[in-house]
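Engineer: Provided below for reference: sequence and predicted model.
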Amino acid sequence: MQTELFPQQKKRGKKSLIHVKPPRTGEANRLAKQIEAYLNSKPGCVCYRISYGVHVDEKGRKRATGQTPGLPDLMAIIGGRAVGIEIKIGTDRLSDAQKQRKAEFEASQGLFWEVKEW
């Protein structure tokens, strides 16, 4: 997976240590976009994408993104209630960190959805 320099850095012909991750592709990305668009089209709802996958550097090494482990892919406020939305495709299952976040959401009267299709 390749990364690329910010467009403004490319235009100036300067090298930079700042890289942009390529966007997620595939079924999970399509599903996240559909859910986000649907919820943002409804009154009283707002939805933000939180997770964009693991950063892979130019040598193919996985790097930490600085994101708190277990956060859901999407976070929404629906009618004043917090909702975590984790997208799972195929045989993918919640990690231990995601199970912990789910318990935290539910303990604070929030909802946590594991979505496999939309």
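Structural biologist: That came in fine, so what should we check first? Numbers count the residues shown, from 1 in each chain.
Engineer: Alpha carbons of the lengthiest strand in the chain, as PDB, please.
Structural biologist: Counting residues, the longest strand found in the chain (DSSP state E) is strand 81-87. Output of strand 81-87 as PDB, limited to C-alpha atoms (Å, rounded to 0.1, in the frame of the first residue of the first chain):
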ATOM      1  CA  ARG A  81     -28.200   9.300  22.500                       C
ATOM      2  CA  ALA A  82     -24.700   8.200  21.800                       C
ATOM      3  CA  VAL A  83     -24.400   5.300  19.400                       C
ATOM      4  CA  GLY A  84     -21.200   3.400  18.500                       C
ATOM      5  CA  ILE A  85     -21.300   1.600  15.200                       C
ATOM      6  CA  GLU A  86     -18.800  -1.200  14.500                       C
ATOM      7  CA  ILE A  87     -18.800  -2.600  11.000                       C
END
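Engineer: who touches it?
Structural biologist: 28, 31-32, 35, 47, 71-77, 94, 98, 101-102, 105, 108-116 (CB atoms under 8 Å, 6 or more residues apart in numbering). All C-beta spots, glycine's among them, are computed from the backbone N, C-alpha and C.
Engineer: among those, which are in helices?
Structural biologist: Using DSSP state H, the subset of the contacts of strand 81-87 located in helices is Ala28, Leu31, Ala32, Ile35, Gln98, Arg101, Lys102, Phe105.
Engineer: got a list of what the last one touches?
Structural biologist: For Phe105, the contact set (CB under 8 Å, 6+ apart) comprises Ala82, Val83, Gly84, Leu111, Phe112.
Engineer: ok, 7 Å please
Structural biologist: Shown in contact with Phe105 (CB atoms under 7 Å, 6 or more residues apart in numbering): Ala82, Gly84, Leu111, Phe112.
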